[in-house]
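[1] Give me a model of this one.
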Amino acid sequence: MSSTLQVQLAPATPLFKPRARVAASGSASLSYALLLLFLLQLYSSIAVVYPALEAARPALTIGGLALAALLLERVWFGRCLVLVRPDSFFLVAFACAAALSAFGAFWPGLAARSAADFLKILILYFVVLNCVDSEKRLRGVVWTMVLAGLFPALGGLRFFQNGQTVEGRLHWVGIFGNPNELAHSLVILFPVAVVLASELKLSRRLLVWSLLGLYAGVVYLTFSRGALLGLFAALALMALLQRRRSARLVTAGLLAAGILAVVFYWTRGEGFSGLGQDASFQQRITTFQTALTMFVHHPLFGVGLACSPVAWPFYAPANLPYRTWLIIHNTFLQALSETGLAGFLSLSLFFIWTLHRAWKTARLAAAAGQERFSNLVRGLLASFFGFFVCAMSGGFVLAWFPYILAGLIGAASRIQPHAGASAAQPVPAATVRFQWNGARSPAE
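    From the prediction side, this is the model:
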């Protein structure tokens, strides 16, 4: 049996006629259920909290099962694997640049392992893109993320209460061990949570607002200036995108309250004033300069994915008053220094096009009269914009959550709203399918 990979617009021929219930839903639900389970284990960091589970490799196991279920469902029901042009190809190009960076890396083993880690992120992006094929599923994933944020939020507060801090800053475990990582993962939940809350009855809406208050307190206690700027930017964009005046006023009120809280209650030693004498700020500027130096010496594929801290002593200025090996506190400069021009261009284009896709999808949905769906996509747009601002002061190339958001935005762009319909249906897009035994479908 031979197989080929082929790009086409026409659907494949199913191996058998699906049941009416499955045909109506558009796809089977096992892969979608496994996707939700993967998100829960990602936020809960269960293998870190309970080390005995590490032997089971829950992330790898659940993620692998989700991918396998997706492939089996697509082949079984004769549906295509979906790509969105050109975003998906930009992300694949970055994965290739990350893999190639290992050959000339300062630490080839670390760069290769990091490229393998990014491959897992890429696979999750495609699973999200293919599993989320209706408005109902889109909301299901967003609700799961908003509620699962309780795991790092409560875990971080418990650490903070017990005095387990990083230089006085709140953090948790696993991928949330860095205060900036924890903060940005909660920041991106605010806009979509605001949209979801607006659709609920008053009692449930108050519960969601209470949840957002908890998340705001956690973000504040991480003392991450970049995350706070990202949160303010996301809320400001939400206010601008809202069509109802009342919604604009509520969002603007949240933004104003957040700014006042920072102005009057900020307790971190280095705030937003006096940045010229701020050691932390000066360190970040130094990392930017060092990243550019790394790029000049390794312009094509960089010093290796995740290898900028390893290369730091070779390129940092010699007259620094500190000897700490630092990471690059900017996602775009991190990509530039670690994966060169090839990785920088592909990742930057991916992020920029994802923002454009979200904005365009929201407009098309509004024009089709699907205001509820349009509002959700606006929330995704504001969330991704919040990450985009956070990325200016943090190295998040290997973070999971921006790529999950991008997958949701890509999936939303494939969902065509119909006037008067309660849910949206998938529309033709650039797709990939497996062709078995050299057979060609009539549509080809």
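[2] so how far is residue 222 from residue 58?
    Using CB to CB, to the nearest Å, we find residue 58 at a distance of 26 Å from residue 222. C-beta: built from backbone N, CA, C; applies to glycine.
[3] Which of the two has more residues huddled nearby?
    More neighbours surround residue 222 than the other of residue 58 and residue 222, with 28 against 20 (other CB atoms under 10 Å).
[4] is it true that the more buried one touches residue 180?
    Yes - taking CB atoms under 8 Å as the definition, residue 222 is a contact partner of residue 180 at 7.1 Å.
[5] And residue 380, how far from residue 151?
    21 Å.
[6] Settle it for me: which of the two has more neighbours?
    residue 380 (26 against 19).
[7] I'd guessed that one sits against residue 404; true?
    No - look at residue 380 against residue 404 with CB under 8 Å: they stay out of range, at 10.6 Å.
[8] quick one: the helices in the stretch 301-444 of the chain?
    Applying DSSP state H, counting those that start in this stretch to the stretch 301-444 of the chain gives helices spanning 308-315, 331-367, 371-390, 401-413.
[9] Include distance to residue 157 and mean pLDDT when you put the ones you listed into TSV, please.
    Formatted as TSV, the helices of the stretch 301-444 of the chain follow (distance: least, CB to CB, whole Å; pLDDT from 0 to 100):
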stretch	distance to residue 157	mean pLDDT
helix 308-315	29	88
helix 331-367	27	95
helix 371-390	21	94
helix 401-413	20	96
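[10] Between the ones you listed, which one is closest to residue 119.
    Closest approach to residue 119 among those (CB to CB): helix 401-413, 11.7 Å.
[11] Count the neighbours of residue 124 for me.
    22.
[12] Is it in contact with residue 401, as I believe?
    No - the pair residue 124 / residue 401 is not scored as a contact, 10.4 Å apart, by CB under 8 Å.
[13] ok, back up a step: which one of the helices of the stretch 301-444 of the chain lies closest to residue 200?
    helix 371-390 (12.5 Å).
[14] Can you show me the helices along the stretch 101-250 of the chain?
    Going by DSSP H, counting those that start in this stretch, the stretch 101-250 of the chain shows helices at 108-131, 135-148, 150-161, 179-187, 189-198, 202-221, 225-241, 245-265.
[15] just those helices: most buried one?
    Stretch with highest mean neighbour count among those: helix 179-187 (a mean of 27; mean count of other CB atoms under 10 Å).
[16] CA-only coordinates of it in CSV, if you can.
    C-alpha atoms of helix 179-187 as CSV (Å, rounded to 0.1, in the frame of the first residue of the first chain):
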residue,chain,number,x,y,z
PRO,A,179,6.6,34.8,36.6
ASN,A,180,6.5,36.3,33.1
GLU,A,181,5.3,33.0,31.6
LEU,A,182,2.5,32.7,34.2
ALA,A,183,1.5,36.3,33.7
HIS,A,184,1.2,36.2,29.9
SER,A,185,-0.7,32.9,30.1
LEU,A,186,-3.4,34.6,32.2
VAL,A,187,-3.4,37.9,30.3
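[17] Return the list of helices and strands in contact with that helix.
    Packing contacts for helix 179-187, counted by 3 or more CB pairs under 8 Å, 6 or more residues apart in numbering; DSSP states H and E, involve helix 150-161, helix 202-221, helix 225-241, helix 371-390.
[18] so what pLDDT did the closest residue in space to residue 108 that isn't next to it in sequence get?
    Closest residue to residue 108 apart from its sequence neighbours, by CB to CB, 6 or more residues apart in numbering: residue 102 at 5.2 Å. Reported pLDDT at residue 102 in the predicted model: 95.
[19] need the contact list for residue 102.
    108, 111, 112, 115, 304, 305 (CB atoms under 8 Å, 6 or more residues apart in numbering).
[20] and if you look at residue 358?
    377, 378, 380, 381, 384, 409, 412, 413.
[21] Next: residue 115.
    By CB under 8 Å, 6+ apart, residue 115 lies in contact with 95, 98, 99, 101, 102, 305.
[22] ditto for residue 66
    Neighbouring residues of residue 66 by CB under 8 Å, 6+ apart: 31, 34, 35, 37, 38, 127, 131.
[23] on that earlier part again, let's have the helices of the stretch 301-444 of the chain in TSV, adding distance to residue 232.
    Below are those laid out as TSV (distance: least, CB to CB, whole Å):
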stretch	distance to residue 232
helix 308-315	28
helix 331-367	17
helix 371-390	8
helix 401-413	18
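[24] tally of neighbours for residue 35?
    28.
[25] For the stretch 201-350 of the chain, give me the ranges with low pLDDT.
    243-282, 320-325 (pLDDT under 70).
[26] and stretch 174-181, what's its mean pLDDT?
    Average pLDDT, stretch 174-181: 94.
[27] Can you give me the end-to-end span of it?
    10 Å (CA to CA, to the nearest Å).
[28] Now do it: everything it contacts.
    Against stretch 174-181 from outside (CB under 8 Å, 6+ apart): 42, 45, 47-48, 152, 155-156, 166, 169-171, 182, 185, 222-224, 226-227, 390, 393-394, 396, 399-400.
[29] residue contacts, residue 288?
    So residue 288 contacts 328, 329, 330, 333 (CB under 8 Å, 6+ apart).
[30] so residue 121 touches residue 397, yeah?
    No - when contacts are counted by CB under 8 Å, residue 121 is not listed as touching residue 397 (9.5 Å).
[31] right, and residue 188 touches residue 403 too?
    No - at 11.5 Å, residue 188 and residue 403 do not qualify as touching, with contact defined as CB under 8 Å.
[32] Show me which of the two is the more surrounded one.
    Remark: of residue 188 and residue 403, residue 188 carries more neighbours, 27 against 21, as counted by other CB under 10 Å.
[33] Identify the residue nearest that one in space, chain neighbours excluded?
    residue 383 (4.4 Å).
[34] any idea how far that neighbour is from residue 125?
    For residue 383, the distance to residue 125 - CB to CB - is 16 Å.
[35] Which single one of the contacts of residue 115 is nearest to residue 141?
    residue 95 (22.4 Å).
[36] And for that closest one, the neighbour number?
    22.
[37] who touches it in this structure?
    Contacts of residue 95 (CB under 8 Å, 6+ apart): 115, 118, 119, 122.
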